[in-house]
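Colleague: Okay, structure incoming, though there's no sequence with it:
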């Protein structure tokens, strides 16, 4: 056993202590963690303040007053409050449907408040006035003002406008004190509001123009666009003699309260819990099993092709060598699994949604990792010992890989219906059953409990068979050179050894 | 003296190919046994059977008193024919790993590694990657990996292949050292000169069947060619003239003229083949009385002659086999 562990330690270090592994495996989660922790700090830098005015040339005469009203300080504040309320409502709804308890929801709500406050602080300080120009104003000269304003804008952003907070006002042409640089120009033709009877159907209302200064904050642009659209539509409705407020109220989209009826009653189930979490678990299992399996294959082929195998076999038996290699690379797989699950769980804790992953799922992940890895490792060790190079290995692995990608290809149908006959049959198919079971167990729909021990029993039987067969292939294959073996040869080796 | 290796009636096949057939072999402890035979004769298979890397289809095999080498792997040192090394591993790390697999604890393993590297002149390579070493250096490292744990039994498969004369000499010294330390050594080789020089027992296999198993003293006795080679000094009577007289010396069976003995040519050599019961000393005295010899030698068969006479292949063929094997090892 001592020799097995010496080999296992060497195999582990030969992979996990290489620059390639450290870069390939540790770098992505570190970067992800860094993004989660550092990005808010990096982003905690206020964008330059927006100080200036928006000129409006309204040839219909019906839109400009609405725009002036839309950018009144109270209207801007109301819009901000509405946005916050919508976000809060969506998160509350999500937490409720994810089955989080009251304490967690409260904690989540506290985090949300902090986030919203931070978002509010990070929003650009805006001092934006609407200046209504006469309808006959020359468009080119109005645009020139934007060009001039662009130059002034930089100075304004760095100086006078900084830190002024929300101070929106209205102004008509020439009535206000210095409204600052011109940041945008909205030109609304009469046809855009009143329409044209001569225009073809579907094109009755023309376009309007929104001209903005370079580098105008994207949120301000978006707000300008949406308020202009809203003001134009409202003006059309008013001109058509409609009650604008009533129509706006009637047009509000209803929210759906989704509930799943289960055998035990009803439960609100979130799509995230239903799809993303099980899929993440299965992909994590797949990646850790196949990464470590691939390392085992490569290491076995390398030892065989460099002829060092015989030197090692003079010190240990083939079985000891195979076990040591499997344990060593298995430790690499555990490291990968722990690393990525650790990052995932940290992220869930960070966002106070750790309840999305019950601890039982982690136990299942560990159990099914052991089963899946043992089977794949035995297979990889046998193939690695039988072939002379990686190309020959690909030929032997092709058919098996086709079976093993089934869970990857069919995860969505299995998740959508985890208790379907197909999903249940897959749960007992050797080699793929650990992946399918993890998918089903981590899903939201409970599965019959007897299927868990039964699938573990199938997994263990598969491991025993694979260990028996691969030990025989390994013993013969490691010293066989020349013509690459095919499946029939491997079967013959199993029989003759 | 107990036997280090005892093989009885061992047979090993690979599919339809019989690699070793009904093999009996006994290697006493403390002996240095040469294991020779043409390529594909079954030497490496036999060695792998001894090492329990392969297992016989039938027959009995005992190594260091145990039923298989697995039970005493830590007491066996093995240098396989196909040289293997972890190319990306550092020399010190590789040797430490092998030493630990051979049962040595970590701390003494490191001390032994440094000691051995110094012994073979590779102390500077401790931190170098194996792939950075020359082939000769790699071979020395591999030899260290076979002996670092001070084994009771040392099996060296084609140990001299690919070595330059300087390293061949060093390897001969190292093997002799191991022998003086009381280890049992088996080495398979095509290097007949080294085998002649080192072995005290010779074992030959051909087509999986043992064809020779004798102490070296017996080998020389059995394959004594009973031949006297004469080379006259320049300026004396012609070889052709005196050779007729030598043919009449009692116990001389035949006189074979060597190159240069033709009429008009420079004096060359000729061989006098003796009867089995002849006294070579009497014949040599008679020859010396007839001419002044530049060289008068009672010849002994070379191991190469014996090998060729048993195996039945030409010296050229043997040379081709040796060189092609050297190239294969180089490729590996």
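Modeller: Alright, I've got the coordinates. Keep in mind the model is a prediction, meaning the values are calculated, not measured. Numbering: from 1, shown residues only, chains lettered A, B, ... in the order given.
Colleague: only C-alpha atoms for contact and neighbour calcs from this point on.
Modeller: Noted.
Colleague: confidence score at residue B:94?
Modeller: On the pLDDT scale, residue B:94 is placed at 91.
Colleague: and if you look at residue A:156?
Modeller: pLDDT at residue A:156 comes out at 40.
Colleague: and what of residue A:47?
Modeller: Looking at residue A:47, its pLDDT reads 59.
Colleague: do the same with residue B:313
Modeller: We have a pLDDT of 54 for residue B:313.
Colleague: what secondary structure does residue A:492 sit in?
Modeller: Three-state call for residue A:492 (DSSP: H, G, I helix; E, B strand; the rest coil): helix.
Colleague: ditto for residue B:62
Modeller: Following three-state DSSP, residue B:62 is assigned to strand.
Colleague: Can you tell me how far it is from chain A?
Modeller: Separation of residue B:62 from chain A (CA to the nearest CA, to the nearest Å): 16 Å.
Colleague: That residue touches residue B:72, doesn't it?
Modeller: No. Residue B:62 lies out of contact with residue B:72 (CA atoms under 8 Å); the separation is 10.5 Å.
Colleague: wait, isn't residue A:466 in contact with residue A:381?
Modeller: No. Contact criterion CA under 8 Å: residue A:466 and residue A:381 do not qualify, at 10.3 Å.
Colleague: Give me the more crowded residue out of the two.
Modeller: Comparing residue A:466 with residue A:381 by neighbour count (other CA atoms under 10 Å in any protein chain shown), the higher total belongs to residue A:381, at 29 against 20.
Colleague: just checking, the more buried one touches residue A:295?
Modeller: No. In terms of CA under 8 Å, residue A:381 does not count as a neighbour of residue A:295; the distance is 10.1 Å.
Colleague: Let me see the contact set for the residue most central in space within chain B.
Modeller: For chain B, the residue nearest the mean C-alpha position is residue B:195 (3.1 Å; CA atoms, centre = their mean). Residues near residue B:195 by CA atoms under 8 Å, 6 or more residues apart in numbering or on different chains: B:34, B:189, B:303.
Colleague: Over to the last one: give its phi and psi.
Modeller: Residue B:303 has phi and psi values of phi -60, psi -30 when expressed as degrees, to the nearest 10.
Colleague: Which residue does chain B have closest to chain A?
Modeller: Minimum separation of chain B from chain A (CA to the nearest CA) falls at residue B:84, amounting to 3.6 Å.
Colleague: Contact partners for the residue nearest to that residue when sequence neighbours are not counted?
Modeller: Nearest non-adjacent residue to residue B:84, counting by CA to CA, 6 or more residues apart in numbering or on different chains: residue A:308, 3.6 Å away. Residue A:308 makes contacts with B:83-86, as judged by CA under 8 Å, 6+ apart.
Colleague: what's the distance between residue A:308 and residue A:6?
Modeller: 16 Å (CA to CA, to the nearest Å).
Colleague: Show the contacting residues for the spatially closest residue to residue B:29 that is not a sequence neighbour.
Modeller: Leaving aside its sequence neighbours, residue B:29 sits nearest to residue B:4 (CA to CA, 6+ apart; 4.8 Å). Residue B:4 makes contact with B:26-29, B:63-65, B:153, B:184, according to CA under 8 Å, 6+ apart.
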